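*Asks:* what's the 3D shape of this:
(one chain, ligands or ions: 1)
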Amino acid sequence: MRVDGIPTRTLWWENGVIRMIDQPKLPHRFVIVELPTWRETAVAIRDMTVRGAGAIGATGALGVAQAAVEAPEREFHTFVTAAANTLRSTRPTAQNLFAGIDYVLRAIEAEGDDIALAREAAVAAGNAFCDDDAESCRRIGELGAPIVTARPRVSTHCNAGWLAFVDWGSALSPIYAAARGGAMPFVFVDETRPRQQGSQLTAWELGQEGIAHAIIADNATGHYLKAGDIDMVIVGSDRIAANGDVANKIGTYTSALAARAAGVPFYVAAPTTTIASHTPTGADIPIEERSPDEVLYVWGWSDDGRFIRVRTAPASSTAKNPAFDVTPAELVTAIITERGIVPATVEGIRSVARG
Ligand code: MRU
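*Replies:* All right, here's what the predicted structure looks like:
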């Protein structure tokens with residue numbers, strides 16, 4: 001996609017260093033950070049410098065590649081395994097993270113005890129995983145564009161755009177493809193409390209692409225659905241269970257319920273790296289619980305250019321902060337993957353799942 005007209009990816013590999021957009025600084029600052037070691041890469045996933053299922057999957061893959069490059073020859077496999085385990089522990093919900101890490105580990109294992117070849121294979125696999133993510137998302141856009149063209153007033157939650165992947169995005173990709181094909185979509189962007197991925201990232205992305213949109217408070221979605229102002233809802237996913245239940249950013253379930261009540265189709269768009277065939281149902285998906293501070297405080301830029309946090313809640317109050325919820329398969333109209341548009345059923349998921 002483009003930033004100020006210049007083609008850009010969310011993250012990329014450059015001679016052993018991972019370079020990425022510093023997402024918490026958006027939309028007010030566009031900053032590229034450099035991560036020279038796998039340890040810094042793990043921190044960037046944990047502190048959400050990079051976030052979004054596909055983007056953390058790609059970062060995890062490149063993080064293992066960095067570990068393979070850094071590992072001392074004598075303890076190569078022990079070093080890489082320990083690094084992979086730490087990368088795996090950075091965030092619990094998004095399946096893409098585990099898919100990325102395992103993809104590179106398999107490439108390393110295939111080289112046996114030839115360490116030089118294993119290092120090369122790790123770097124090649126990390127980059128291939130990134131390219132695959134970008135291409136899958138491009139294809140999701142192609143397949144989903146006719147749906148958006150027919151239903152141009154779209155609601156989305158969180159950020160499942162190109163910032164959540166290597167390029168293109170999942171839920172936003174069909175919107176971008178439809179617009180490039182001549183459609184005129186209008187997007188209702190849920191603000192997405194508490195971290196505001198909607199108002200800070202999705203709105204910024206849509207603005208860069210010249211797509212008409214309005215940010216709405218999360219609790220306004222039902223109002224617009226009921227009023228008949230929204231033709232379809234499309235969201236991304238962090239993990240899709242084998243039965244078609246879908247984990248996505250907290251608040252997605254509420255949106256799906258409101259869409260069902262209003263008779264509006266509710267689509268999920270995700271690359272097949274999001275499918276967890278070994279996770280039987282949504283009840284088996286681990287839901288990340290994040291710091292209460294994300295609810296009790298807001299972050300923003302002060303007039304004098306400082307990135308500061310401000311407490312909005314009473315000093316004595318505490319908070320609960322689940323980062324994701326699960327939308328049951330029966331509320332999902334269809335899942336748009338790079339391998340086709342399928343029903344959220346065991347058979348539908350199996351027909352596109354990898355491996
Ligand atoms: O906590 P985040 O920002 O990493 O959450 C991930 C997401 O961006 C969303 O849940 C998104 O809708 C699906 S991931 C493409």
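*Asks:* read off the pLDDT value for Thr318.
*Replies:* What the model reports for Thr318 is a pLDDT of 98.
*Asks:* isn't it up against Pro292?
*Replies:* Yes. Between Thr318 and Pro292 there is a contact under CB atoms under 8 Å: 5.6 Å. C-beta here means a position set from N, CA and C on the backbone, and glycine is covered the same way.
*Asks:* and these two? which has more neighbours close in?
*Replies:* Pro292 (15 against 9; other CB atoms under 10 Å).
*Asks:* excluding chain neighbours, what is closest to that one?
*Replies:* Ala319 (3.9 Å; CB to CB, 6 or more residues apart in numbering).
*Asks:* using the three-state scheme, assign the residue of the chain positioned farthest from its centre.
*Replies:* Distance to the chain centre peaks in the chain at Arg74, reaching 36.5 Å (criterion: CA atoms, centre = their mean). Three-state assignment for Arg74 (DSSP: H, G, I helix; E, B strand; the rest coil): helix.
*Asks:* report pLDDT for it.
*Replies:* At Arg74, pLDDT is 96.
*Asks:* in what helix or strand does the residue nearest to Pro292 lie?
*Replies:* Taking DSSP states H and E as the definition, one finds Ala319 inside no helix or strand.
*Asks:* that one and the ligand, how far apart?
*Replies:* 16 Å (CB to the nearest ligand atom, to the nearest Å).
*Asks:* please apply the same query to Asn243.
*Replies:* Using CB to the nearest ligand atom, Asn243 is found at 19 Å from the ligand.
*Asks:* likewise Leu225?
*Replies:* Where the ligand is concerned, Leu225 sits at a distance of 18 Å (CB to the nearest ligand atom).
*Asks:* quick check, Thr345 in contact with Pro328.
*Replies:* No. Using CB under 8 Å, Thr345 is not in contact with Pro328; the gap is 11.9 Å.
*Asks:* which of the two has more neighbours?
*Replies:* Taking neighbours as other CB under 10 Å, Thr345 and Pro328 compare with Pro328 leading, 18 against 15.
*Asks:* let me know the pLDDT of the more buried one.
*Replies:* Looking at Pro328, the pLDDT reads 98.
*Asks:* so what does it have for phi and psi?
*Replies:* The phi and psi values for Pro328, taken as degrees, to the nearest 10, are phi -70, psi 150.
*Asks:* grab the nearest non-local neighbour of it.
*Replies:* Excluding the flanking residues, the one nearest Pro328 by CB to CB, 6+ apart is Asp245, at 5.6 Å.
*Asks:* how many residues are close by the one you found?
*Replies:* Counted with other CB under 10 Å, Asp245 comes out at 25.
*Asks:* tell me which stretches of the stretch 1-150 of the chain form strands.
*Replies:* For the stretch 1-150 of the chain, the strands defined by DSSP state E, counting those that start in this stretch occupy 2-3, 6-7, 11-14, 17-21, 32-35.
*Asks:* do the stretch 151-300 of the chain as well
*Replies:* 153-156, 186-190, 212-216, 232-235, 239-241, 246-249, 266-269, 275-276, 297-301.
*Asks:* can you tell me which of those strands is nearest to Ile115?
*Replies:* strand 275-276 (31.6 Å; CB to CB).
*Asks:* and the contacts of that closest one?
*Replies:* 95, 239-242, 285, 337, 349, 352-354 (CB atoms under 8 Å, 6 or more residues apart in numbering).
*Asks:* most neighbours among the residues you listed, please name it.
*Replies:* Most surrounded of the contacts of strand 275-276: other CB under 10 Å gives Ile240, at 30 neighbours.
*Asks:* the closest residue to that one other than its chain neighbours: neighbour count?
*Replies:* Nearest residue to Ile240 in three dimensions, chain neighbours excluded: Ile275, at 4.8 Å (CB to CB, 6+ apart). Counted with other CB under 10 Å, the neighbours of Ile275 add up to 27.
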